[in-house]
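Fold the following for me, if possible:
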Amino acid sequence: MAKLQKVRVGMTEAAVTEIMGPAYLRTFNGERYEHESRPHRREVKKLRNGWTIVVLYYRARVLHHDSICTIDETEAVLLINGKVDSVIHGDAVEAFLSKF
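Numbering: from 1, shown residues only. This next block holds a predicted model:
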């Protein structure tokens with residue numbers, strides 16, 4: 001999660017990817033999960049007004065010890081027209097997108 005704090009409004013997707021780099025997460029019972037520099041999931045939404053929203057989901061925590069990354073374990077980097085707009089909890093993305 002510390003790397004996500006370095007992501008700033010206005011950055012490009014390439015800059016975000018460079019910041020994130022390889023990282024390790026530890027679970028409550030001490031297991032080690034490796035997570036790569038690429039986001040866990042990437043979504044692209046094209047809006048009627050011509051805008052493009054890219055959502056990059058990064059695993060930020062381990063809540064369920066099942067080796068599956070769920071939406072509640074992620075933080076999402078939202079890029080509008082190629083630039084970072086905000087970083088929000090993965091669960092909040094649907095509500096954010098519903099505004100458009």
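
Tell me where this structure has strands.
Assigned by DSSP state E, the chain shows strands spanning 23-26, 32-35, 41-46, 52-59, 74-80, 83-89.

Any idea which helix or strand in this structure has the lowest mean pLDDT?
In the chain, no helix or strand scores lower on mean pLDDT, DSSP states H and E than strand 23-26, which sits at a mean of 54.

what would the strands of the chain look like in a markdown table with distance to residue 97 and mean neighbour count?
C-betas here are computed from N, CA, C, even on glycine. Below are the strands of the chain laid out as a markdown table (distance: least, CB to CB, whole Å; neighbours: other CB atoms under 10 Å):
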| stretch | distance to residue 97 | mean neighbour count |
| --- | --- | --- |
| strand 23-26 | 26 | 12 |
| strand 32-35 | 24 | 12 |
| strand 41-46 | 6 | 12 |
| strand 52-59 | 7 | 20 |
| strand 74-80 | 9 | 21 |
| strand 83-89 | 11 | 16 |
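
Can you check which of those strands gets nearest to residue 66?
Of all the strands of the chain, strand 32-35 sits nearest to residue 66, with 11.3 Å by CB to CB.

Now that closest one: average pLDDT?
Strand 32-35 shows an average pLDDT of 56 in the prediction.

so what's the nearest residue to residue 13 once chain neighbours are set aside up against?
Of all residues not flanking residue 13 in the chain, residue 79 sits nearest, at 5.7 Å (CB to CB, 6 or more residues apart in numbering). Taking CB atoms under 8 Å, 6 or more residues apart in numbering, we find residue 79 in contact with 12, 13, 16, 53, 54, 55, 56, 85.

hmm, try it at 10 Å
Neighbour list for residue 79: 11, 12, 13, 16, 44, 52, 53, 54, 55, 56, 85, 86 [criterion: CB atoms under 10 Å, 6 or more residues apart in numbering].
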